[in-house]
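> Have a look at this prediction, sequence included:
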Amino acid sequence: MATGYGNGSCGIYGLTAQRKGVYTTASGNVTSTAALVWPDVTLDDIKDCWFGCRFRGSSIGFPGGEGVGCKRSVTYDGNGSATQIRVQYQVHENKASNNNWIKCVVVDLTNGADGVYARKVCATYASGASNSVGHDFGSASGNSSYDVYDLCAVPRIVLDEDADWAPYGRQALNDAVVDLNGHKLTAGELSFETSRTGMVVNTANSTTAEMRFFTFDGNSISNGNVNVGTACIDAANIKLVVDGYGTYYAATHQEYRGGTVVDGGTLRPVGNSVAGTLVLGATSGAVQVNANGILDLNATYNYQTYPAFVLNGGVMCNDGGVDFNTQYALTKGITLTDDSQFQVPRSWGLINGSYAGLSLDLGGHALAVSINNGKTMYFSNVTASSGTINATGAGVWEIRADRNGVGFVGTETDVHAECELRLWGPMSVRDYEAAHTKNDANLGTSPLNVHGVFKPTTTYFRGVTMQDGSTLDLTAWPEAAGWPIMNAYTCDGEKEVKFAEADEGETTTVTVKLGDCKVTGGKIFSWASGNDVSRVKFVRGDADNRYSLDKKDDGLYVCTGIVLIVR
């Protein structure tokens, strides 16, 4: 149930029949004579209302620059009658030069001889400049005057238990303030009159609550009409949940502090790089994508103000119709709490704009990177933890160096690459299994360092540098029975295998595993004279293998006359 419908909390105004009036001021300083907003009404008639406002100005953003008052206070006389209502609005100033937020606009409502009067008393800007009390809105910033205000009294709805407004695609509300009061509200697709100010959702700062939007298949909802925990409300401890099968468009500034969860459907931020940092709630809140959910970056890319995104079996992608060729998804990091996916129907990537390193915390889970034909997944300045990355598809996984020369650091990460791997920055992994089947001359020029096991499964692979303690596992070579092992690998060209140099006086050890290959002896690696392999020690790969390796000046040999048959 919800209380506050109709006359219960908003005087003479019903749920969808808000009382509206026009408040006009002169340019420059506001005169002492306030404008009449509502005739034949007193403050006591509307003291329980919230108030919507549309600012009609040439440089104000959004349709008419509207907003529901996000903070209000009532002053009473000694007998309990209201003498003043002060309302604060948060408004976005969409000037092409700065796209600043105006933090607040304050309007006072007072009793007059003929009804309720309104007078704007303050506007505070994101830049820190503040108009003096009584100064006309816009004058201090040099903008044209915003001298016409449409005010409306807005009903306040208070939940006293969990509520569900989602069935049948119900149009939940026009203008209203909904106090969740610590409960969970589920809403379906919402529609508003063209003259709406929108809907504000809040809750007491000391309580937690949940606002859940359920979108039906093929349908969508935008937070452009719904302000959840607006910045100047001291009541924003709300978790926002996206559910269903459709799309939730995060388009406007939101500062709810309980985090964002995608249980189902698609969460799609809308806007440019500035708006992209603001639309997913307070920067202290996590953004979690569960198994049936999709976070579509939609060609917005600046999320560095948020903590690491959490993929709990969900999907992260860029399906916004625009490829990221040089602009990436700027984040602090991504954490997996279950096996999850990156989808690449459009090119995108991961980078940290501060160049402090982006954390990809796999948490022991598998990340599936699925790349469409001709598209590219970029990594730069990414540090990954223990887990697995399976990169597949007909596109490119490209590692790029940042300005500090960092590409991908995953010395505890296992990589299975069936896609094309291109290195324009260094890449370090634990285990690397190369299974791509086509050759590509444009491989890049940076090293791929393997600290664990390198296991090529086809005749094509990106060449590697074997680190101390690593293993070269040839058991999956496709010609395992009687393969032409002689000179199969050389220390030049695209299939180059190198061996990391040890420090002076020390030795780098590489284990070679031949498995059940039948070898009658011969050179299995060639290197040109002058290559320093003097400090590389090769050991046999399996305890039961009856073969030995011999390092000579021109390569690595299986000792002549020894037949290797491992059963």
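Done, it's in.

> can we go C-alpha only for contacts and neighbour counts from here?
Fine.

> how about stretch 359-374: buried residues?
Neighbour-count burial for stretch 359-374 flags 359-372 (criterion: 16 or more other CA atoms under 10 Å).

> could you dump it to CSV, C-alpha only?
Coordinates of each C-alpha in stretch 359-374 appear next as CSV, following Å, rounded to 0.1, in the frame of the first residue of the first chain:
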residue,chain,number,x,y,z
SER,A,359,42.5,-3.9,-12.5
LEU,A,360,40.8,-6.9,-14.1
ASP,A,361,40.2,-9.1,-11.1
LEU,A,362,39.1,-12.4,-12.5
GLY,A,363,38.8,-14.0,-9.1
GLY,A,364,39.6,-17.4,-10.4
HIS,A,365,36.8,-17.2,-13.0
ALA,A,366,36.7,-17.3,-16.8
LEU,A,367,36.1,-14.3,-19.0
ALA,A,368,34.8,-15.1,-22.4
VAL,A,369,35.8,-12.4,-25.0
SER,A,370,33.7,-12.9,-28.1
ILE,A,371,34.8,-10.6,-31.0
ASN,A,372,32.8,-10.1,-34.1
ASN,A,373,34.3,-10.3,-37.6
GLY,A,374,36.4,-7.2,-38.2
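
> Show residues contacting it.
Stretch 359-374 is contacted from outside by 308, 332-346, 377, 382-397, 419, using CA atoms under 8 Å, 6 or more residues apart in numbering.

> Among those, which lie within strands?
333-338, 340-344, 377, 382-384, 387-393, 396-397 (DSSP state E).

> Kindly give a single ChimeraX line that selects the buried subset of those.
Buried residues within the ones in strands among the contacts of stretch 359-374, by 16+ other CA under 10 Å, are selected in ChimeraX with:
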select :333,334,335,336,337,338,340,341,342,343,344,377,382,383,384,387,388,389,390,391,392,393,396,397
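
> circling back to that earlier point, in helices, which of the buried residues of stretch 359-374 fall?
Counting by DSSP state H, no part of the buried residues of stretch 359-374 is found in helices.

> Make CSV from the residues you listed and add distance to Ala291 and pLDDT to it.
Listed next are the buried residues of stretch 359-374 as CSV, based on distance: CA to CA, whole Å; pLDDT from 0 to 100:
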residue, distance to Ala291, pLDDT
Ser359, 21, 91
Leu360, 18, 95
Asp361, 17, 96
Leu362, 16, 98
Gly363, 16, 97
Gly364, 17, 98
His365, 14, 98
Ala366, 14, 98
Leu367, 13, 98
Ala368, 13, 98
Val369, 16, 98
Ser370, 16, 97
Ile371, 20, 96
Asn372, 21, 94
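
> Would you mind giving those as JSON lines with distance to Asp114 added?
Output for the buried residues of stretch 359-374, formatted as JSON lines (distance: CA to CA, whole Å):
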{"residue": "Ser359", "distance to Asp114": "63"}
{"residue": "Leu360", "distance to Asp114": "64"}
{"residue": "Asp361", "distance to Asp114": "65"}
{"residue": "Leu362", "distance to Asp114": "67"}
{"residue": "Gly363", "distance to Asp114": "67"}
{"residue": "Gly364", "distance to Asp114": "71"}
{"residue": "His365", "distance to Asp114": "69"}
{"residue": "Ala366", "distance to Asp114": "70"}
{"residue": "Leu367", "distance to Asp114": "67"}
{"residue": "Ala368", "distance to Asp114": "68"}
{"residue": "Val369", "distance to Asp114": "68"}
{"residue": "Ser370", "distance to Asp114": "68"}
{"residue": "Ile371", "distance to Asp114": "68"}
{"residue": "Asn372", "distance to Asp114": "68"}
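
> So which of the residues you listed sit within strands?
359-361, 366-371.

> Let me have these in JSON lines, adding distance to Tyr256 as columns.
Shown next, in JSON lines, are these (distance: CA to CA, whole Å):
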{"residue": "Ser359", "distance to Tyr256": "25"}
{"residue": "Leu360", "distance to Tyr256": "25"}
{"residue": "Asp361", "distance to Tyr256": "25"}
{"residue": "Ala366", "distance to Tyr256": "31"}
{"residue": "Leu367", "distance to Tyr256": "29"}
{"residue": "Ala368", "distance to Tyr256": "31"}
{"residue": "Val369", "distance to Tyr256": "31"}
{"residue": "Ser370", "distance to Tyr256": "33"}
{"residue": "Ile371", "distance to Tyr256": "34"}
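
> Give the buried residues for stretch 533-549.
533, 535-538, 540-541, 545, 547-549.

> mind listing the strands in the stretch 451-567 of the chain by residue range?
Counting by DSSP state E, counting those that start in this stretch, the stretch 451-567 of the chain has strands at residues 453-456, 464-466, 470-473, 489-490, 497-499, 508-513, 522-526, 536-540, 549-552, 555-558.
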